[in-house]
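Student: how would this look folded up:
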Amino acid sequence: MEIIRAENSGFCFGVRKALEITEEEIEAQQGRSGKIYTCGPLIHNRDVTDYLARRGCGILEDPLAAEDGDTLIIRSHGEPKSFFDRLAGRDIRLVDATCPFVKRIHELVREADEAGKRIIIVGDAAHQEVIATNGWCGEKAVIVNSREEAEAVPPGAYFLVCQTTIRKELLEEITKVLEEKGAELEIHNTICNATRLRQDSCAELAKRVDAMIILGGRHSSNSHKLYEIAKKHCEKAFFGENIRDLPLKELEKYNKIGVAAGASTPESVIKEVIANMSETINEKTTMADFMDEIDASLRLPRAGEIAEGKVDQVFEKEVIVNLGCKKDGVLPLDEVTLEEGKKLTDVFQPGDEIQAKVVKTDDGDGNILLSTKKLEISKHWTEIKEAHENKSVITVKVLRAVNGGVIAAYKEVTGFIPMSQLSDKYVENADEFIGQTFDVKVTRVDEKRNRAVFSHKTVLLEEKQKQIEGIWENLSVGDIVEGKVMRFTDYGAFVDIGGIDGLLHISEISWGKLKHPQEVLSIGDIIKVKVLSMNQEKGKISLGLKQITPEPWSVINEKYEVGSIVSGKVVQIKEYGAFVELEPGLDGLVHISEVAHKRVANIADELSIGQEVKTKILDIDTERKRISLSIKAATEEDAPAAEEVTE
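Tutor: Residues are numbered from 1 along each chain as shown. Model (predicted):
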């Protein structure tokens, strides 16, 4: 006869936490007035609720029945928002023991409701967890628990969550039906991981035994689902709350029996059932287990092994650990990684289960020397090796500069970053990096020699490449973007537009004529430019600055009119006159006869390049793009004598 317990069975995290909170409150209530209650059964297990009742914690189905000064403990399944609203202002102490995973569902539903989304809850409408969840969206959710109910849901967009204890097959079936009917689903699979593990363990065990026993409360949803899974995979399945509900005589017929338990089943009930079955059905099982325990207690862990145990005592400089063998383990202070300001007593408590690496099987005082620090280092080396194999990124902190680079730490492991791998730019002095934290890739690993080499440059180049790819993907000809002037050439300027340098040709800088870009630009200027052309294969982008402003001739009638006085700069001198620039790209001609009130034989005697002059607009020819100007007409001097003009 063989009795096998499912790998995952018994209290889940949420139930265990709720029970711990309740027991702590029972102890604390002794110094307070009033009574202590749970709002409905804390968990679906009669043995547990009877135990709590014996300790003075009753059950209230209606919270309004509580009196001022009483303590109410909210069960692990949670309560709707209306529950808290009804008790607002009352002198009642509320202690929230809602499972953290259930509370997270409440938050999801509340946020979705506030965003105006329609909500579907997959689960049993009569189950307290579903009732509580529905209460966080104004009880407006559509509750679905079967294929038939899913088929009745009208098409539309829905925000979907589920009861933590449902079967994953049910969730998959319902979502499939909804999607086939045209529903647009935002699915949040909120089945508790502990529930999934228990269901998977139960199914796996049921396939290889002659009979299955499911232990759990009569009203426990997750326990009944385990029973359904057990019956699906094993012809003989039995359900009970404790040993008294099981047909022991019937079970004597089977050679291999599996035992699984719901998340609300205490460990004591599971052990009692296994122990009683072993004693009643096959005493050899008990003896074999006993001999296994004796063998385990005699064997000592070897140096380098990872040992598991329970904290027995905690002192200022060491922790005593019960390893389940004839020697205790000792974990010294210097073999523990502590946060600044923390003590051993802050981190370890008697009863804590811990893992540690065996350093020595005898520390000189007959104890086994342990180290959690070395265990962490081993884990960190494993993480570094995985990062090297997967080419993934890890985060390190630079500790100090050494010859040729720096030493950087990944958790408890140090590695080397060569100077050439600190940045994607030339680094002259590594001191500026000390104390910095950044991402690196692992380029070499040698755990035996405790050596690892990191590269920050690789990460920067990959990020830059992604950035460049993003720019090419999102940039189009005609876009106006912001850039920074980086450097000049005789033929233009290079402008950084977010990781890529584009060429701003000298002819595209101004509507006027330039000899050099520096006439209008400076290094570091932030300017807006227009994308004129792109060639990703060659990595070239052409930019334009003058295109940001209108071409002067296109708006000349808005700015200039015949007869107006305007200022300009002499930019060119010819035999027949001088060209005056009114603005970049807009020149006018002052004919030699319009330079002065006297006869001018050589215009260079009167004007020079770069000279600022006042002129009067005589004519604007938009078709031929010509402006006639007059300097003499703009001056206020009296005209010279007639004889001087004749001469």
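
Student: Sort out which residues of stretch 590-606 are buried, please.
Tutor: Residues of stretch 590-606 classed as buried by neighbour count (16 or more other Cβ atoms under 10 Å): 590, 591, 592, 594, 595, 596, 600, 603, 606. For every residue, glycine as well, the C-beta is placed using N, CA and C.

Student: Now do the third one against residue 582, distance only.
Tutor: The spacing between residue 592 and residue 582, counted by Cβ to Cβ, to the nearest Å, is 19 Å.

Student: With residue 470 instead?
Tutor: Residue 470 sits 43 Å away from residue 582, going by Cβ to Cβ.

Student: higher neighbour count, the two?
Tutor: It is residue 582, of residue 470 and residue 582, that has more neighbours when counted by other Cβ atoms under 10 Å, with 20 against 12.

Student: State whether the more buried one and residue 565 are indeed in contact, as I suppose.
Tutor: No - look at residue 582 against residue 565 with Cβ atoms under 8 Å: they stay out of range, at 11.5 Å.

Student: which residues of the stretch 351-500 of the chain fall in helices?
Tutor: Along the stretch 351-500 of the chain, counting by DSSP state H, counting those that start in this stretch, helices occupy 372-390, 456-474.

Student: Would you mind listing the buried residues in the last one?
Tutor: Of the residues in helix 456-474, those scored as buried under the neighbour-count criterion (16+ other Cβ under 10 Å) are 456, 457, 458, 459, 460.

Student: Chain neighbours aside, what residue packs nearest to residue 570?
Tutor: Nearest non-adjacent residue to residue 570, counting by Cβ to Cβ, 6 or more residues apart in numbering: residue 611, 4.6 Å away.

Student: Adding pLDDT, write the buried residues of stretch 590-606 out as CSV.
Tutor: CSV is the format used below for the buried residues of stretch 590-606 (pLDDT from 0 to 100):
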residue, pLDDT
590, 89
591, 92
592, 90
594, 87
595, 87
596, 87
600, 84
603, 88
606, 86
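
Student: for the strand or helix carrying residue 112, the distance to its chain's centre please.
Tutor: Using DSSP states H and E, residue 112 sits in helix 100-114. Distance of helix 100-114 from the chain centroid (Cα atoms, centre = their mean, to the nearest Å) equals 19 Å.

Student: Following the chain onward from that helix, which element is next?
Tutor: For helix 100-114, the following helix or strand on the C-terminal side (DSSP H and E) is strand 119-122.

Student: and the helix or strand just after that next one, what other elements does it pack with?
Tutor: Downstream of strand 119-122, the next assigned helix or strand under DSSP H and E is helix 128-134. In this structure, helix 128-134 makes packing contacts with helix 100-114, strand 119-122, judged by 3 or more Cβ pairs under 8 Å, 6 or more residues apart in numbering; DSSP states H and E.

Student: what's the spacing between helix 128-134 and its chain's center?
Tutor: On Cα atoms, centre = their mean, the centre of helix 128-134 falls 28 Å from the chain's centre.

Student: got it, and stretch 315-325?
Tutor: A distance of 38 Å separates the centroid of the chain from that of stretch 315-325, by Cα atoms, centre = their mean.

Student: With stretch 164-173 instead?
Tutor: Distance of stretch 164-173 from its chain centroid, counting by Cα atoms, centre = their mean, is 27 Å.

Student: now do stretch 175-187
Tutor: The answer for stretch 175-187 is 27 Å, by Cα atoms, centre = their mean.

Student: Contacts for it, please.
Tutor: With Cβ atoms under 8 Å, 6 or more residues apart in numbering as the test, stretch 175-187 has contacts from 117, 120, 122, 144, 147, 150-151, 153, 155-160.
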